[in-house]
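**Student:** sequence and computational prediction follow.
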Amino acid sequence: MIRQECGPATAGMVIMLMAHGWRVRRQGHRFRLYCPCGEASLPYSGASHDDVSHAARIVRQAAHCG
């Protein structure tokens with residue numbers, strides 16, 4: 001699902017977060033990433049014009065999860 005709708009950098013980032021316990025749910029045309037601690041969730045647009053910077057932004061936001 002993720003690999004078909006995202007760029008390679010973003011798909012790799014989502015797969016890495018899933019390996020660390022994050023959950024991904026589809027919500028309409030977007031996705032939402034849920035923290036394993038249950039405190040945070042991140043909106044994630046599947047289509048981005050700049051795939052690498054979008055992946056880096058989500059990794060930075062995920063690092064703030066407590």
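**Tutor:** Good, I have the coordinates.
**Student:** which residues does Asp51 contact?
**Tutor:** Asp51 is in contact with Cys6, Gly7, Pro8, Ala9, Thr10, counting by C-beta atoms under 8 Å, 6 or more residues apart in numbering. Where C-beta positions appear, they are placed from N, C-alpha and C, glycine not excepted.
**Student:** wait, Arg32 touches Ser41, no?
**Tutor:** Yes: Arg32 is within contact range of Ser41, at 5.4 Å (criterion: C-beta atoms under 8 Å).
**Student:** lowest average confidence across helices and strands of this protein, where is it?
**Tutor:** helix 2-5 (a mean of 65; mean pLDDT, DSSP states H and E).
**Student:** helix or strand right after that one?
**Tutor:** Counting by DSSP states H and E, the next helix or strand C-terminal to helix 2-5 is helix 8-19.
**Student:** tell me what that following helix is packed against?
**Tutor:** Under the contact definition 3 or more C-beta pairs under 8 Å, 6 or more residues apart in numbering; DSSP states H and E, helix 8-19 sits against helix 2-5, strand 23-27, strand 30-34, helix 51-63.
**Student:** list buried residues within the contacts of Asp51.
**Tutor:** Neighbour counting with 16 or more other C-beta atoms under 10 Å marks Cys6, Gly7, Ala9, Thr10 as buried within those.
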